[in-house]
Each structure stands twice: as C-alpha cells, then as structure tokens.
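Q: With the input below, show me the fold.
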Amino acid sequence: MTAKPRQRTPVCLNSDRNFDDLAPRFARNVYGGLKGALRLAVLRRDFDEFLPTCLQPCDADHMPLRILDAGGGQGQFGLQLAACGHQLTLCDISTEMLKLAHEQAVVLGLTSVEFVHGAVQQMSEDAQSGKRPAFDLVLCHSVLEWVADQEGLMQALLPMVRHGGYLSLTFYNRHGMVMKNLLRGKRSPILDDRFVPSAGSLTPTRPLEPSQVLAWLAQDHWQILCNSGIRVFHDLLLTPEGRAMPEHELVALELELSRQEPYRSLGRYQHVLATRL
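A: Residues are numbered from 1 along each chain as shown. This next block holds a predicted model:
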C-alpha cells in the first residue's frame, strides 16, 4: 500500500511569526554550527571595519552605547556587544526565545541586560511618544522576513535610532532561495508567487528582494555604510569534497567574497549597516 504524503499545515501569512513553538530548533538550526559561525564572521568583520568600538571593551575612551536588539530572539550577537559593556535592551514577541536569551546572558555573567516581551513596532511607538529615548544602535537581525508588514517595520526602525546612530539589518534573500531550488533541479515556487511555507518550517515566510530593501532605506534617508552577503556559497556546496572543506577555509572564502558580485547577491542572507542622517 502506498503511503499517503504527509500533510503540511501552511503558516499564517497575515501575522508576524512567533517562535514559541520552535525556539530551541530555531536557535540550533539557524544560529548554531557552521551556519552561525559564518553569520557571525561577516557581522564581526563589518562591525570591525565601520563600528570598531562596538566590539571593544567599554572604558574611558569607549563609552557604552545604548543598543536595541529588535526581535532579538536568543540575542546571539547582541549579547556579545553587551559583554563588551554596552547597555543592551532585547525585545521579542516570543517568551521562549527570550528565555534562551536570558539563559545565555546568565552564562556570560551579564546582569544588566533588559529583556522586553513585546513587538518591535511597540518599541517604535514608545520611542516616538518619548517613553524611551532613541538608541545609538539598533540590531534587526533575521526579523524582516517573518513579519506581515515589511515596509511598515522598516519605517518603524527609523525613530528608534538617534540621528547619527546606526542600524544593523539582516534579512533572508530571495535570490539565494531561488538559486538553491534551481540547484536541486526544480523551479522555485516563489518565482510564480506560489510560495507558502509550512507552519513547522524554518524557511522564512517572506524572502526579500535586496533592491527593495535598499530602496526602503534610501526612502527613509539612511546612508548605507556597507552591504554584505551571508552564506554566499556554503548552502550551494554540491560535492562531498566541498562539504568537507575545513571551517577556517570556508570562513576565509566567505569573508573574501561576501561583498563581491555576483556572490553577494547569492547570499542566503544580506547584511546592511547604515547610519541615520
């Protein structure tokens, strides 16, 4: 008897994604292992070049920054900045992701991180109403591809950053998704506007066209400092030899190619570092 194919429950596309149901898996699959190492390598390189004091211990010459990790999940990068002495606020709509972030903060010995259970959009409203001062730096990493109103979220980021402050934005790249499907020998359903992920999938619900995100940033008067691809070839490795490449070689190649075209445009994710004019 032929087994029936497993029915996949489609995810709701009318609301922002909450990861209470998948928090440990999300943390393990998206940020853990080599994928996480490549992501952090690109972020650290970009920050070292354009915001070097962020990753240096705060002292009399490097005053602590007020940083918001917007939709920060487990806070993998934000907590590293907090460990340097910066004042970190981490918000997320998922209580389970906040628990993971709090556990990691305890491991790192961080006692002054503020954890906020709430949406990025609410934080923006608080900034606009004066309930909270604007931040020196806002991290918005892997959030945009999970929200229903993407342009609205982009607009909400602006008032949370002081004039002259910075935004670090990462998002899931439509081009990288299409290329991975093509290499599997199939036409990507997103090319025909038929992409509907299942509720249990970690594939982002709304992959973005990088040119659209850059247009939104220009429209809101951000100045782009750098734009890098993340995982520009790792996910496209097809041979056992490629998959067995030593981690240090993979990271070195990633850093070499992540700002070069056409590799940048094929990155699974994109990182944009910008300053508010």
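
Q: how about the helices in the stretch 51-200 of the chain?
A: 78-83, 95-107, 120-129, 150-157, 174-183 (DSSP state H, counting those that start in this stretch).

Q: tell me what the shortest one is packed against?
A: Contact partners of helix 78-83 among helices and strands, from 3 or more CB pairs under 8 Å, 6 or more residues apart in numbering; DSSP states H and E: strand 66-70, strand 87-92, helix 95-107. To be clear about C-beta, it is placed using only N, CA and C from the backbone, and glycine gets the same treatment.

Q: what's the most buried one of those?
A: Highest mean neighbour count among the helices and strands packed on helix 78-83 (mean count of other CB atoms under 10 Å): strand 66-70, with a mean of 27.

Q: what helices or strands is that strand leaning on?
A: Using 3+ CB pairs under 8 Å, 6+ apart: strand 66-70 touches helix 78-83, strand 87-92, helix 120-129, strand 135-141.

Q: Could you list the buried residues of the third one?
A: Along helix 120-129, the positions that meet the burial threshold by neighbour count (16 or more other CB atoms under 10 Å) are 120-121, 123-124, 126-127.

Q: So what touches that helix?
A: Residues outside helix 120-129 that contact it (CB atoms under 8 Å, 6 or more residues apart in numbering) are 68, 70-71, 91, 116, 132-134, 140, 143, 152-153, 156-157, 159-160.

Q: now the first one
A: Residues outside helix 78-83 that contact it (CB under 8 Å, 6+ apart) are 54-55, 65, 67, 69, 72, 75, 88, 90, 101, 104-105, 108, 110, 112-113, 137, 139.

Q: quick one: average pLDDT of that helix?
A: For helix 78-83, mean pLDDT is 96.

Q: Any buried residues in that helix, and which?
A: Going by 16+ other CB under 10 Å, helix 78-83 has these buried residues: 78-83.

Q: same question, stretch 248-263
A: For stretch 248-263, a neighbour-count test (16+ other CB under 10 Å) marks 250-251, 253-255, 257-259, 263 as buried.

Q: one step back: closest to Val213 out of the buried residues of helix 78-83?
A: Closest approach to Val213 among the buried residues of helix 78-83 (CB to CB): Gly78, at 20.7 Å.
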